[in-house]
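Undergrad: Predicted model, plus sequence, below.
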Amino acid sequence: MKSTLKKLGYNRVHKQMNDVFLKYTAKVVFLVIITFSINLFFSGHYTPGGGFVGGLLAAGAIILLLLAYDLKTLNRMIRIDNKRMITAGLAACLIVPILLMFFGNPFFTHQHMYLQLPVFGEVPLHTAVLFDVGVYIIVAATTLLIITLLASEQFMSDSEGADRE
Amino acid sequence: MTLIHFAILLPVIAAAGIGILYRYYKKIHLGWFVLPIPTVITIYLFTLMPAVSNNQVVHETLDFMPRVGMNFDVYIDGLSLLFAILISGIGALVVLYSIGYLSQKEKLGNFYVYLLIFMTAMLGVVLNDNVLMLYLFWELTSISSFLLIAYWFNRERSIYGAQKSLLITMFGGFLMLGGFIALGQITDTYSIRGMMAQIPAVQESALAPLAIILILIGAFTKSAQFPFYIWLPDAMEAPTPVSAYLHSATMVKAGLYLVARFTPLFAFAELWVWSIIAAGLVTLVWAAFNAIKQDDLKAVLAFSTVSQLGLIMSLLGIGALAVQTGAAEQVFTIATVAAVFHLINHATFKGALFMIIGIVDHETGTRSLKKLGGLVTIMPISFTMTLIASLSMAGIPPFNGFLSKEMFLEAMFAIGQADFSVLADAAVLFPLLAIIGSIFTFIYSIMLIRGIFLGKKMPATPKTPKEAPALMLIAPAFLTLLVVVFGLFPNVLSGSIIDPAAMSILNISEPLNTEIHHWHGWDSPALWATVAIIAIGTLMYIFRDAWRPVYRLGSDAFTLNHLYDQGLIYSRLGAEKITDGYMSGYIRSYLIYIFGAFVIFSLITLINTDISFDWGTTAPIALPDLLIVLIILAAVAAILITRSRMVSIIMFSTIGFALSLLFVFFRSVDLALTQLAVEAITTALFLLAFFHLPKRSGNAEPRGFKLNNLMISAAVGIIATVIGLAAYSNRLFDSISQFYIDNVYDLAAGGNMVNVILVDFRSLDTLFETLVFAIAGLGVFVLLKLRVNKEGENKFEEHP
């Protein structure tokens, strides 16, 4: 924790704290959290979870990487433009209800059906999931947009940030 | 979803494709890809024409929000079809013209995407039966017009014009929505057909005058009637194809459409009839008078458009008299026919004129009348077209403008036959105003022909003039051809489209069988009026130097534009003053406002309602609950005492985590899960934001005791507790949760009620919440970026 905090602005020194344990664990935990977030997202229709929590968790996982490494490394690891993702998410949220209208339903009247698959058994399909994808993306991207921006400023104005505590 | 819905939405769907296409493919002018869209729609609309001419209507409903009464309810009768054909037909011509007008270097993607959005919006306005949907599309036309006026957004005048048009038309549109809602209150429906069925109810209602005034303001702002016309001349900063399309042929006629559409409903009211006639005539005269003063060719046409819109508006007003008195009054029915006829004619000759002036601008580099002259030998084709279109505008036979102008004059003379109770002596005023307006129209029409093409050849144009390429000439040539054809054979139109449109305005079903004649006989007053207009107009044009100084009378301080500018400046100053008055820049004072307001309003509510507490329904306090509350209290105390920011942040997180634990004990797993995720992220956010705080922490030294803060915080705590308990004890109505419990599986096929509510039952809320979320995120982004840039250092680097 301490090394992380140092990198978040406590140290004026540019020396990179090479916390091997944190970095390694972060990678593993990142996968766990992302998987969990996707699981939460899909199970949200029947058990606790959903797009909002899922998106927050995904953002959380990436923030963990940001804390363990730094913004430059993170940008190399995950090349996603958050602003574009927000656009994509909003588009998904808006297109789903509009598409529903093309099939003769009123705005936002979701449709569902069940599929019989060999291994999984009965699998429900629901258009609400597509809408939830938009929520997921927007929540994750917006959170990351703000946090990475704060981190990037911190990264740039490191020299003035001396003697913070 | 039927074909007609698809036709309306086609441009906006295509806009997405066009935008993407332009990004990756720029070899061929984008306009060629856009051109088929309006063309296809026009052809489709023409296929509907035989049925509509035979008095049939097309009515297709697509459920959009049935519970609110907001459905995509397409209703096509003669009036709608006429407008729709104008929109798509002129749209196709304008796109064709724009291919020559806009060079490949311009941002064509923006231009055509906005133009296509506008097309859908405008078709939506005229083909909708539902007023709420109509309003939606109405505002979309304002927005696309705004974007198109500001197309060259690095010019200051463009921005000014765009802002002005947006402010004025949106102001009107918003009031119009109020009018629609008032109508909805009276008739309990948002369908125009439904409202028409309840005319007696509207007649009796006390809300009707309010609805009339509000809807008329909407129509007048959009159609640039006096005194709202000031936005239209400034809108001429847009590229010329846009001016020809939006600000002359289609969008500004939306107000006329609205008036025509609501005429059967409101014609009973004197208020409706006379305000339309008065506004129309005043606009006609005032704008025609002002057109002569202009030097910029587009400004002349802008004022001319305003004036012609006034003419059509006044005709619609007289037509409303026909509905009021019963359609038997032949003379007033003529007015409606004249209105429809002139609407078509205006679209043809004004569209052609705008395009030619665009050509002149394009080929000579200037639009100033002072710098132009003698182009007839260089641009003979443009000259011929200008001659025909201008003479039509001036009302000279045999062109179509003459025919409708004569019908207009006849209607104005006929107004004396109306049963005036109020204005018996004023009856002579109407033909007089009409004649004066027409004289000015004649003068500026002649001015256009003579100023550009005749007279001395001016050497000082920025570019060496030459005739325009054929590509640019096709569209205006086609319109000019229509001017001649409609002028010679007006009855081509009368049976097929004018009559059905007039019948929908008058709300009658027996055919009108209009026949338009060139010759009305020697005893027709309109004939002598036309002769007088031409004679006086010619004389006044010859001696124009003698009376032109009239324009220098009156000071700038009394113009409407001055009023608008001052209003804008002072409203900004006033807002700034008010804001500066309470925005101290310290979060603590804002918190005091917020919590203070919360305390005051809650107290007022609590005192005015009698509340009781029912302790029987509250859950028993278990040991874990107590422990968690104690943890929270300890954390709060630590925040107050500590001097380290680090400790404060950790204590804050402690509160959050403890709270989510509390949720778990109360078995709301969803809340707990969300709270946990939010807490983890806020902690990270805090740590990062931490860095930007000033060096000295407020906690570093002890502060004095503040009674105010103590009182507010104590009051907030107490009131929140009281409200919580009271809300739990007094159940005023049944909880809605039973509905969700009953229907969560049947209607939404879901198991998790919370999430099903979010994405299904109340997904519209979620849609807007995501929007708010995204806007907030982008807001933070912009604010932070702005701050960095302001410091002049640390230019924000874009990270991929």
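TA: Looks like it came in fine.
Undergrad: In chain A, what residue spans correspond to helices?
TA: A:2-5, A:20-43, A:51-68, A:71-77, A:82-102, A:127-156 (DSSP state H).
Undergrad: Report whether the fourth one contacts chain B.
TA: Yes: contact between helix A:71-77 and chain B, assessed by Cβ under 8 Å from any Cβ of the partner chain, occurs at A:71, A:75. Any C-beta I mention is one placed from the backbone N, CA and C, and that applies to glycine too.
Undergrad: CA atoms only for that helix, dumped as PDB, please.
TA: Taking Å, rounded to 0.1, in the frame of the first residue of the first chain, the C-alpha atoms of helix A:71-77 are listed here in PDB:
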ATOM      1  CA  LEU A  71      -0.400   5.500 -16.400                       C
ATOM      2  CA  LYS A  72       2.100   5.100 -19.200                       C
ATOM      3  CA  THR A  73       2.400   1.400 -18.700                       C
ATOM      4  CA  LEU A  74      -1.400   1.100 -18.300                       C
ATOM      5  CA  ASN A  75      -1.900   2.900 -21.600                       C
ATOM      6  CA  ARG A  76       0.500   0.400 -23.200                       C
ATOM      7  CA  MET A  77      -1.400  -2.500 -21.700                       C
END
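Undergrad: Tell me which of the helices of chain A lies nearest to residue B:314.
TA: Evaluated with Cβ to Cβ, the helices of chain A place helix A:82-102 nearest to residue B:314, the distance being 40.7 Å.
Undergrad: which residues sit against that closest one?
TA: Helix A:82-102 is contacted from outside by A:106-111, A:127, A:130-131, A:133-138, A:140-142, A:144-145, A:148, B:1, B:62-64, B:72, B:763, B:766-767, B:770-771, B:774, B:777-778, B:781, using Cβ atoms under 8 Å, 6 or more residues apart in numbering or on different chains.
Undergrad: what's the answer for stretch B:57-70, then?
TA: With contacts defined as Cβ under 8 Å, 6+ apart, stretch B:57-70 is touched by A:101, A:104-107, B:1-2, B:4-5, B:48, B:51-52, B:71-77, B:129-130, B:132-133, B:184, B:189-191.
Undergrad: among the residues you listed, which are in strands?
TA: Among those, the members falling in strands are B:71-76 (criterion: DSSP state E).
Undergrad: Would you map the helices across the stretch 551-700 of chain B?
TA: B:560-582, B:587-608, B:623-641, B:645-665, B:669-690 (DSSP state H, counting those that start in this stretch).
Undergrad: Name the residues of the last one that are buried.
TA: Of the residues in helix B:669-690, those buried by neighbour count under the rule 16 or more other Cβ atoms under 10 Å in any protein chain shown are B:670-688, B:690.
Undergrad: With the first one instead?
TA: Going by neighbour count (16+ other Cβ under 10 Å), the buried part of helix B:560-582 is residue B:564.
Undergrad: I'd like the average pLDDT over it.
TA: Computed over helix B:560-582, the mean pLDDT rounds to 89.
Undergrad: and what of the second one?
TA: The average pLDDT within helix B:587-608 is 88.
Undergrad: related to what we said a few turns ago, now list the buried members of the contacts of stretch B:57-70.
TA: Buried among the contacts of stretch B:57-70 (16+ other Cβ under 10 Å): A:101, A:105-107, B:4-5, B:48, B:52, B:71-77, B:129-130, B:132-133, B:184, B:189-191.
Undergrad: Least confident secondary structure element in chain A?
TA: The helix or strand with the lowest mean pLDDT-type score in chain A, counting by mean pLDDT, DSSP states H and E, is helix A:2-5 (a mean of 56).
Undergrad: quick one: low-confidence ranges for chain A?
TA: Filtered on pLDDT under 70, chain A yields the residue ranges A:1-18, A:153-165.
Undergrad: what about the helices of the stretch 551-700 of chain B, which gets the closest to chain A?
TA: Nearest to chain A among those is helix B:669-690; the distance by Cβ to the nearest Cβ comes to 3.8 Å.
Undergrad: Please name every helix or strand in contact with the closest one.
TA: Counting contacts by 3 or more Cβ pairs under 8 Å, 6 or more residues apart in numbering or on different chains; DSSP states H and E, helix B:669-690 packs against helix A:51-68, helix A:127-156, helix B:645-665.
Undergrad: Quick check: residue B:602 touching residue B:721?
TA: No: using Cβ atoms under 8 Å, residue B:602 makes no contact with residue B:721, being 11.3 Å away.
Undergrad: Contact partners for residue A:146?
TA: B:685, B:777, B:780-781.
Undergrad: Of those, which is the most crowded?
TA: residue B:777 (22 neighbours; other Cβ atoms under 10 Å in any protein chain shown).
Undergrad: when you scan the helix or strand containing it, is anything in it near chain A?
TA: According to DSSP states H and E, residue B:777 maps onto helix B:763-790. Yes: using Cβ under 8 Å from any Cβ, we find that helix B:763-790 touches chain A at B:763-764, B:766-767, B:770-771, B:773-774, B:776-778, B:780-781, B:784-785, B:788.
Undergrad: Using neighbour counts, trim those to the buried set.
TA: Using 16+ other Cβ under 10 Å, the buried ones in the residues of helix B:763-790 next to chain A are B:763, B:766-767, B:770, B:773-774, B:777-778, B:780-781, B:784, B:788.
Undergrad: Report the contact partners of residue A:69.
TA: Neighbour list for residue A:69: A:23, A:26, A:77 [criterion: Cβ under 8 Å, 6+ apart].
Undergrad: For residue B:649, state which of these is nearest.
TA: Among the contacts of residue A:69, residue A:26 lies closest to residue B:649 (Cβ to Cβ), at 20.6 Å.
Undergrad: Quick check: the closest one touching residue A:66?
TA: No: shown here, residue A:26 and residue A:66 do not form a contact pair, counting by Cβ under 8 Å, at 9.4 Å.
Undergrad: Tell me which of the two has more neighbours.
TA: Higher neighbour count among residue A:26 and residue A:66: residue A:66, with 25 against 20, using other Cβ under 10 Å.
Undergrad: Quick one: neighbours of the residue nearest to the more buried one when sequence neighbours are not counted, just the number.
TA: Spatial nearest neighbour of residue A:66, excluding adjacent residues (Cβ to Cβ, 6 or more residues apart in numbering or on different chains): residue A:74 at 5.0 Å. Counted by other Cβ under 10 Å, the residues lying close to residue A:74 total 20.
Undergrad: do the same with residue B:439
TA: Look at residue B:439: counted by other Cβ under 10 Å, it has 23 neighbours.
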